[in-house]
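> have a look; sequence and predicted model below, questions after that.
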Amino acid sequence: MQFNLREFKSRGGHVHFIGCAGAGTRPLASIFLELGFPCSGSDLLVSHLDGMRIFQGHAAANLPTGDFPLLVIYTSAADPENPELVEAGRRGAALMRRGEALAHLGTLFPKTVAVAGSHGKTSVSAMIAHTLRELGEDPGFLIGGTVTGWDSSGRAGGGSVFVTEVDESDSTHALFRASIAVVTNIEDDHAWSVGGTEKLFGSFVQFAEKASHLIDVEGENTDRLFARFAGKRERLSRTLPAWNFPAHWGGFQRRNAVTAFAAVRAAVGRSDEEIRSALFRFPGVERRMSLRFENGSFCLIEDYAHHPTELRASLEALRETHPDRRLVLVFQPHRHARLTRYFREFVEILGALDGPVFLPPVFAAWTEHSEVDSALLASRIGGTARALSGSWEEMADEIASELRAGDLIAVVGAGDVKEIIPPLRERLIARSGNG
């Protein structure tokens with residue numbers, strides 16, 4: 001953390017982003033641009049940001065040349081042999097993972113609210129930023145998802161307060177020095193990518209140590225790890241208050257709202273009623289209990305759950321909000337490492353469902369293939385569980401053939417399972433005979 005962004009900018013420094021189309025890197029680049037840093041970037045996908053040249057594909061020639069300091073920010077998914085990383089190292093450029101750069105960015109703001117946790121980071125950070133905006137505070141923010149109706153997931157704002165989610169999957173959340181640190185929960189998800197459970201849990205302790213004020217939700221791991229922070233800790237009960245929550249919110253959405261409320265109250269001097277009123281106008285985050293189709297005959301909802309805890313919460317919310325519908329679940333396991341680690345839990349959760357369970361191929365990202373896949377999961381669940389294959393259109397055909405009028409179809413997962421929604425919606429319209 002010796003790097004000084006203010007000094008770097010004053011010297012005419014240039015920032016280059018590797019993997020700049022990612023959900024966390026793209027809004028980070030937007031903020032750097034808004035703050036006046038010259039920026040460029042590259043990604044395998046076609047991408048565009050006003051004021052920034054973005055190359056498709058990775059090559060050493062993508063790096064800018066000139067007599068100025070160079071900072072290269074890269075996603076943790078970047079290959080160590082990425083030609084831009086190799087060339088940047090050869091030229092003596094400063095190299096930072098995305099989360100490390102985010103920690104440095106936080107030093108430019110007098111007050112920061114950073115949200116960590118195994119589940120719910122995006123929703124809670126989005127709720128905090130939304131509420132502050134509704135209260136007229138003009139916060140900066142970095143959200144790792146798309147808030148419904150917002151044109152950007154990253155803004156510098158008025159410069160007084162910055163709200164961000166921070167990432168435990170590479171332990172870079174431990175680098176962020178927050179005015180207000182929020183921890184939604186702690187489980188062993190991502191332990192495989194950071195050297196084991198104890199190292200993962202230790203990174204949460206480091207995150208809490210650096211904070212001026214700590215807000216966390218009671219739980220076995222948070223209570224054990226944060227016991228020594230009693231002097232600055234605000235421990236939230238898991239029992240929900242008797243608020244008049246929006247009727248369409250399930251239990252975990254209400255839990256997220258209570259956590260966001262505590263963070264906003266700690267950040268600004270506004271009345272509880274003002275904060276709640278603003279918070280309850282939250283429009284939602286895309287792919288989090290997002291309604292994709294409803295016409296009386298069928299209801300189609302998308303959710304991002306991909307860990308057993310999240311999947312349980314998602315299914316409970318769906319039962320709570322649609323008690324009279326048969327649930328048809330389309331669940332895509334997210335990465336072989338996670339499916340392998342929590343295989344028994346997934347079998348237990350999915351095996352308890354009454355309706356059909358369809359399992360598209362595992363979203364593998366950059367990981368290798370594994371024998372622990374959707375077909376094995378379907379065979380262990382038994383009953384009406386079925387592994388899918390083929391194109392998204394072919395998978396949508398197979399699902400549609402099993403539907404009945406009145407069904408609630410939930411498409412759940414953090415990978416590319418969202419691609420099944422357009423063809424599935426077409427088939428629902430055709431089955432219904434109307435739009």
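Noted; the coordinates are in hand.
> run through who's touching stretch 339-357.
For stretch 339-357, the external contacting residues (CB atoms under 8 Å, 6 or more residues apart in numbering) are 188, 191-192, 307-308, 311-312, 315, 326-329, 331, 333, 362, 370, 372-373, 377-378, 380-386, 402, 407. Quick note: C-beta positions are derived from backbone N, CA and C, even for glycine.
> out of those residues, which are buried?
188, 191-192, 307-308, 311-312, 315, 327-329, 331, 333, 362, 372-373, 377-378, 381, 385-386, 407 (16 or more other CB atoms under 10 Å).
> filter the residues you listed down to the ones in helices?
Ala191, Trp192, Pro308, Leu311, Arg312, Leu315, Leu377, Ala378, Ile381 (DSSP state H).
> ok, Lys55 touching Val46?
For residue 55 the amino acid is Phe, not Lys. No. Using CB atoms under 8 Å, Phe55 is not in contact with Val46, being 10.2 Å away.
> between those two, tell me which one has more neighbours.
Phe55 (17 against 8; other CB atoms under 10 Å).
> is that one in a bridge, and if so with what?
Ser42 (DSSP bridges).
> quick check: pLDDT value at it.
On the pLDDT scale, Phe55 is placed at 95.
> can you check Ala23 too?
pLDDT at Ala23 comes out at 84.
> stretch 75-86: end-to-end distance?
This stretch, stretch 75-86, spans 14 Å end to end (CA to CA, to the nearest Å).
> what's next to it, contact-wise?
With CB under 8 Å, 6+ apart as the criterion, stretch 75-86 contacts 16, 18-19, 22, 24-25, 42, 58-60, 62-63, 72, 74, 95, 97-99, 169-170, 172, 365-366.
> now, those residues that are in helices?
Among the contacts of stretch 75-86, the members falling in helices (DSSP H) are Thr25, Arg98, Gly99.
> ranking these by neighbours, who comes first?
Thr25 leads these on contacts (other CB under 10 Å) with 26 neighbours.
> who's in contact with it?
Thr25 sits in contact with Phe17, Gly19, Ile73, Thr75, Arg98, where contact means CB under 8 Å, 6+ apart.
> min pLDDT across those, which one?
Thr75 (89).
> nearest residue to it in space, ignoring adjacent ones along the chain?
The shortest distance from Thr75 to any non-neighbouring residue, by CB to CB, 6 or more residues apart in numbering, is to Gly19 (3.5 Å).
> wait, doesn't that neighbour sit right on Tyr74?
Yes. When contacts are counted by CB under 8 Å, Gly19 is listed as touching Tyr74 (6.3 Å).
> what touches both of the two?
Common neighbours of Gly19 and Tyr74 (criterion: CB under 8 Å, 6+ apart): Arg98.
> which residue ranges form the helices in the stretch 151-300 of the chain?
191-194, 197-210, 220-225, 251-267, 272-279 (DSSP state H, counting those that start in this stretch).
> and these as CSV, adding distance to Ala430?
Listed next are these as CSV, based on distance: least, CB to CB, whole Å:
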stretch, distance to Ala430
helix 191-194, 43
helix 197-210, 47
helix 220-225, 48
helix 251-267, 32
helix 272-279, 40
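> pick the most deeply packed of these.
helix 251-267 (a mean of 22; mean count of other CB atoms under 10 Å).
> which other helices and strands contact that one?
Helices and strands touching helix 251-267, by 3 or more CB pairs under 8 Å, 6 or more residues apart in numbering; DSSP states H and E, are strand 111-116, helix 121-134, strand 180-183, strand 213-217, strand 233-236, helix 272-279, helix 308-321.
> looking at those, which one is packed in the most?
Mean neighbour counts for the helices and strands packed on helix 251-267 (mean count of other CB under 10 Å) peak at strand 180-183, with a mean of 28.
> which residues touch that strand?
Residues contacting strand 180-183 (CB under 8 Å, 6+ apart): 111-117, 124, 128, 204, 207-208, 210-217, 222, 226, 259, 262-263, 266-267.
> send over that strand as CSV, restricted to the C-alpha atoms.
Extracted C-alpha coordinates of strand 180-183, given in CSV (Å, rounded to 0.1, in the frame of the first residue of the first chain):
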residue,chain,number,x,y,z
ILE,A,180,-17.2,1.5,7.8
ALA,A,181,-16.6,-2.2,7.2
VAL,A,182,-19.7,-4.3,6.6
VAL,A,183,-19.6,-8.1,6.7
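> what average pLDDT does it get?
Computed over strand 180-183, the average pLDDT equals 98.
> Gln332: neighbour count?
Gln332: 23 neighbours (other CB under 10 Å).
> could you do Glu7 as well?
10.
> so it sits in a helix?
Yes. Counting by DSSP: H, G, I helix; E, B strand; the rest coil, Glu7 is part of a helix.
> off-centre distance for stretch 384-392?
On the basis of CA atoms, centre = their mean, to the nearest Å, stretch 384-392 sits 26 Å off its chain's mean C-alpha point.
> picking up where we left off before, which one of the ones in helices among the contacts of stretch 75-86 is nearest Asp303?
Nearest to Asp303, judged by CB to CB, of these is Thr25 at 23.9 Å.
> and that closest one, how far from Ser118?
Distance of Thr25 to Ser118, computed by CB to CB, to the nearest Å: 21 Å.
> which neighbouring elements make contact with the lowest-mean-pLDDT helix or strand in the chain?
Between all helices and strands in the chain, the lowest mean by mean pLDDT, DSSP states H and E belongs to helix 191-194, at a mean of 86. On a contact count with 3+ CB pairs under 8 Å, 6+ apart, helix 191-194 meets helix 197-210, helix 336-341.
> now do 6 Å
In terms of contacts (3 or more CB pairs under 6 Å, 6 or more residues apart in numbering; DSSP states H and E), helix 191-194 is packed against helix 197-210.
> Phe8: what's it in contact with?
Each residue near Phe8 by CB atoms under 6 Å, 6 or more residues apart in numbering is listed here: Pro69.
> ok, 8 Å please
Pro69, Leu71, Ala94.
> what's the spacing between the last one and Phe68?
Per CB to CB, Ala94 is found 12 Å from Phe68.
> those two: which has the busier surroundings?
Set side by side, Ala94 and Phe68 show more neighbours around Ala94, with 16 against 12, by other CB under 10 Å.
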